[in-house]
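# Fold the following and give me the result.
(chains A and B)
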Amino acid sequence: MKLGNFALGRINFEVASGECIALVGPNGSGKTTLLESIAGIHQIGNGRIEINGTDVTRLAPENRKVGYVPYDCLLFPHLRVDQNIGFGLRNKDAEVKRQISEMMDWLDISRLKDRSTKGLSAGEKQKVALARALVRYPDVLLLDEPFSAVDANSRIQLVEDLQRILSQARSTYNLASVYVSHDLSEAQLMANQVAIMNSGSIEHVGSWQETIREPKSRFVAEFMGYNIIHGHVASIENGFATIEAGGQTLCAVSTELMPGQDTTVVVKPQSISLSSDRGIGKKSWCHCKCNVIEGSVSVIRGKGSMAQVSIDAGFALSLDVGLSVLEELELGLGSKVFAQFKASDVTLIPAAVGSDQHISIPCKEEASDTG
Amino acid sequence: MLISALLSKEIHFAVALTLVTASLATLLALVVGIPAAYFLSRTEFPGKNALDALINIPIALPPVALGTALLIFFTNTSVGSFIDNSIVRFVFEVPGIILAQFSVVSVLAVRLMKPVFDGIDPRYEKIARTLGQSEFKSFVNVTLPLAKNGVFGAAVLAWARAMGEFGATVTLAGATRFKTETLSIAMFLKLSIADLDSAMAIILILLVLTVLVLFVSRKIVYRGDMTS
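Modelled structure (predicted):
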């Protein structure tokens, strides 16, 4: 599939009935294009898309039984709310009216029935677009950043509502859904599986737990917001690797690397603890093999009740800390600080495994096209 | 004198003929123009810019030249002669008026409607298709209703232009009293015999009709919800 200069690359993933997968990735990675290809809006050149075991690759969008909610809703401006919802229903008889009414009750938008779409809030528009897609009982629901136009306060309520609606739809009629987002926390709430896209290809597919615990490639680690350090394996002893990086020595659990190999060291921000001295700050870590890295604070960026702190230790380490920790450690720009993290919380990725890695699983939705 | 001219049978005939032919020409222009404008707006193909430029030729060309080309086609070519003799008689007949008006206003209609379709997000049609509508139904149920004000505005302006058409009409359909006598041709005939009262009456009628249609079209086109 090629659109202008952009082409979808290797894509291979499966969504089971009643499951939801989150499709995440940076802007321009091809999430919307992939979603629109599944919906049939774009035709893929090679590969196969299956829905409920049927090959729909060459089927027109109207024959795919797919519900699609675009990021901007695209409610038909010439129709009222109830007409928008009933647009995809073939007959316009009493049965249809009942279906529309039931759907509006379910999504709690009955009060909008006779309204024009023009005066609706962003959240109301999303619910109407969702009702319009769900009223036809599709096999697959495709949601493209449904809350991108919603303010932060309304978003919390809407995410909860959507969670409830999707959960009911999944259990009621085994709806499979694909949820596109660039907000990881939101995507994590909606889906149990995640597929990470990069430059038109899927870089990683897996459960959230697995993805968070052990990112399989440097791109995935970077996208998850983890600290990336380039290093060199100096030695391996008793299952622990000693890594030299930026003039510091790091320790990590390793069973796969060999001495002399280059490696990418991944440290999750949430695994790092700050201390004003070398002593292990957390009591539970006393019996673990820990890294204690000395550095100086290079950036402090306020984020509400938290602050993002960057430490220069020969390499950059970033983490979010509470404002109380900043006060307690008297941290300011240039302050000396010790970053501590367990050896078991460090993930090592062989340097050869870069952003070109592709992970495939037996496919249900598959689109492979190098354009 | 002006009143008696306004009440004359010849003027009534000219008004009726002009209203009927201009309406039919506009209808035909919409039937051809809507798909053409939509096609030009939505599709990309090699030579599209050239075709886009070629469409302007009838606008730039004097209507007399267009009428002459049509007259030569129907009288000097075998296909044209066959059509004129066996299917519909255009030369010096009423269908000739409709064809001449259509030739002039259809291009204008395409020119006016293409930006209307350009202004409608094609993703509406894509969404309609995911909701079970075929390509044609998506156009009919989504794009056309969204474009209705713009299309109506284009139709009104095309109709107004057809009402005043003279050059192509007189060349193809001639200027025969009580036969191919539209308002413009009636004015021409009245001026040729120095009947200034009748010519004034026709100007008055054309002025009233033109102001009326332009006012209506302005109200509709600039209502602010042309495409949304």
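# my read is residue A:294 is in a strand, agree?
Yes: under DSSP: H, G, I helix; E, B strand; the rest coil, residue A:294 sits within a strand.
# SS state for the residue most central in space within chain B?
Compute the mean C-alpha point of chain B, and by Cα atoms, centre = their mean the closest residue is residue B:105, 3.2 Å away. Recorded secondary structure, residue B:105: helix (three-state DSSP).
# Does it touch residue B:30 like I think?
No: counting by Cβ atoms under 8 Å, residue B:105 sits too far from residue B:30 to count as a contact (9.7 Å). Heads up, the C-betas are built off the backbone N, CA and C, glycines and all.
# still on that earlier bit, what's the spacing between the residue nearest to the centre of chain B and residue B:181?
Noted for residue B:105: a distance of 20 Å to residue B:181, by Cβ to Cβ, to the nearest Å.
# confidence score at whichever residue of chain B sits closest to chain A?
Per Cβ to the nearest Cβ, residue B:131 is where chain B lies closest to chain A, at 3.2 Å. Residue B:131 is assigned 94 on the pLDDT scale.
# list the contacts for it?
Neighbour list for residue B:131: A:62, A:87, A:88, A:132, A:133, A:136 [criterion: Cβ atoms under 8 Å, 6 or more residues apart in numbering or on different chains].
# which of those residues lies closest to chain B?
Among the contacts of residue B:131, and counting by Cβ to the nearest Cβ, the member closest to chain B is residue A:88, at 3.2 Å.
# Quick one: list the elements packing against the longest helix along chain B.
As assigned by DSSP state H, the longest helix anywhere in chain B is helix B:9-42. Counting contacts by 3 or more Cβ pairs under 8 Å, 6 or more residues apart in numbering or on different chains; DSSP states H and E, helix B:9-42 packs against helix B:48-55, helix B:94-118, helix B:144-163, helix B:183-192, helix B:196-221.
# Start and end of stretch A:319-329, how far apart?
Taking Cα to Cα, to the nearest Å, stretch A:319-329 runs 15 Å from one end to the other.
# Show the average pLDDT along it.
Mean predicted lDDT for stretch A:319-329 stands at 86.
# Ok, stretch A:40-59 next?
On average, stretch A:40-59 scores 88.
# Does chain B have contacts with it?
Yes: with Cβ under 8 Å from any Cβ of the partner chain as the criterion, chain B is reached by stretch A:40-59 at A:40, A:41.
# From the opening residue of that stretch to its closing one, how far?
7 Å.
# Now that stretch: buried residues?
A:40, A:41, A:42, A:44, A:47, A:49, A:51, A:56, A:57 (16 or more other Cβ atoms under 10 Å in any protein chain shown).
# Highest mean neighbour count across the helices and strands packed on helix B:9-42, which stretch is it?
Among the helices and strands packed on helix B:9-42, ranked by average contacts under mean count of other Cβ atoms under 10 Å in any protein chain shown, first place goes to helix B:94-118 (a mean of 24).
# Following element in sequence after that helix, please.
Moving toward the C-terminus from helix B:94-118, the first helix or strand encountered (DSSP states H and E) is helix B:123-130.
# quick one: contacts of stretch B:158-169?
Here stretch B:158-169 makes contact (Cβ under 8 Å, 6+ apart) with B:18-19, B:21-23, B:25-26, B:29-30, B:33, B:62-64, B:66-67, B:70, B:96-97, B:100-106, B:108-109, B:112, B:180, B:182-185, B:188, B:206, B:209-210, B:213-214, B:217.
# What are the boundaries of the helices in the stretch 51-200 of chain A?
For the stretch 51-200 of chain A, the helices defined by DSSP state H, counting those that start in this stretch occupy A:81-85, A:94-106, A:122-134, A:152-173, A:184-190.
# Measure how buried the nearest residue to residue A:262 once chain neighbours are set aside is and give me the count.
Of all residues not flanking residue A:262 in the chain, residue A:351 sits nearest, at 3.8 Å (Cβ to Cβ, 6 or more residues apart in numbering or on different chains). Per other Cβ atoms under 10 Å in any protein chain shown, the neighbour tally for residue A:351 reads 16.
# Over to residue A:210?
Residue A:210, neighbours per other Cβ under 10 Å, totals 14.
# Check the secondary structure at it for me.
Classification of residue A:210 by three-state DSSP places it in helix.
# Just give the nearest non-adjacent residue to the residue in the stretch 151-300 of chain A positioned nearest to chain B, would you?
Nearest residue of the stretch 151-300 of chain A to chain B, counting by Cβ to the nearest Cβ: residue A:178, 13.3 Å away. Distances taken as Cβ to Cβ, 6+ apart place residue A:142 nearest to residue A:178, at 5.2 Å, with adjacent residues excluded.
# Does residue A:296 touch residue A:337 like I think?
Yes: using Cβ under 8 Å, residue A:296 makes contact with residue A:337 at a distance of 7.0 Å.
# First-to-last residue distance for stretch A:337-346?
20 Å.
# Then stretch B:160-174?
21 Å.
# before we move on, what about stretch B:169-178?
For stretch B:169-178, the first-to-last residue distance is 15 Å (Cα to Cα).
# in it, what's buried?
Residues of stretch B:169-178 classed as buried by neighbour count (16+ other Cβ under 10 Å): B:169, B:170, B:171, B:172, B:173, B:174, B:175.
# What does the fourth one show for phi and psi?
With angles defined as degrees, to the nearest 10, residue B:172 sits at phi -90, psi -40.
# which residues touch it?
Each residue near residue B:172 by Cβ under 8 Å, 6+ apart is listed here: B:67, B:70, B:71, B:74, B:90, B:91, B:92, B:96, B:97, B:99, B:100.
# I'd like to know how far the second one sits from residue A:116.
As for residue B:70, its distance to residue A:116 is 47 Å (criterion: Cβ to Cβ).
# Return the residues of chain A in contact with chain B.
So chain A meets chain B at A:36, A:39-41, A:60-62, A:64, A:66-68, A:70, A:74, A:76-78, A:87-88, A:90, A:132-133, A:136 (Cβ under 8 Å from any Cβ).
# just the buried members of those residues?
Among those, those classed as buried by 16+ other Cβ under 10 Å are A:36, A:39-41, A:61-62, A:64, A:66-68, A:70, A:74, A:76-78, A:87-88, A:132-133, A:136.
# Select from the residues you listed every entry located in strands.
Members of these lying in strands (criterion: DSSP state E): A:66, A:67, A:68.
# which residues touch the last one?
Meaning residue A:68. Residue A:68 is in contact with A:35, A:36, A:39, A:41, A:133, A:141, A:142, A:144, B:127, B:130, counting by Cβ under 8 Å, 6+ apart.
# Which one of those is nearest to residue B:45?
Distance to residue B:45 across the contacts of residue A:68 (Cβ to Cβ) is lowest for residue A:41, with 20.0 Å.
# The closest one touches residue B:130, doesn't it?
Yes: counting by Cβ under 8 Å, residue A:41 does reach residue B:130; the two are 7.2 Å apart.
# May I see the buried residues of the helix or strand of chain B with the lowest mean pLDDT?
For chain B, using mean pLDDT, DSSP states H and E, the weakest element among its helices and strands is helix B:2-6, scoring a mean of 78. Across helix B:2-6, burial judged by 16+ other Cβ under 10 Å covers B:5, B:6.
# helix or strand for the spatially closest residue to residue B:107 that is not a sequence neighbour, which one?
In this structure, residue B:107 finds its nearest non-sequential neighbour in residue B:58, 4.4 Å apart by Cβ to Cβ, 6+ apart. Taking DSSP H and E as the definition, residue B:58 sits inside helix B:57-60.
# That helix: what's the following helix or strand?
Going down the chain from helix B:57-60, the next helix or strand is helix B:63-76, by DSSP H and E.
# Distance from the helix or strand just after that following helix to the middle of the chain?
Following helix B:63-76 in sequence order, the next helix or strand is helix B:78-82 (DSSP H and E). Averaged C-alpha coordinates place helix B:78-82 at 24 Å from its chain's average position (Cα atoms, centre = their mean, to the nearest Å).
# Show me the contact partners of helix B:78-82.
Residues from elsewhere that reach helix B:78-82 (Cβ under 8 Å, 6+ apart): B:72, B:73, B:74, B:75.
# If we use 7 Å, what do you get?
B:73, B:74, B:75 (Cβ atoms under 7 Å, 6 or more residues apart in numbering or on different chains).
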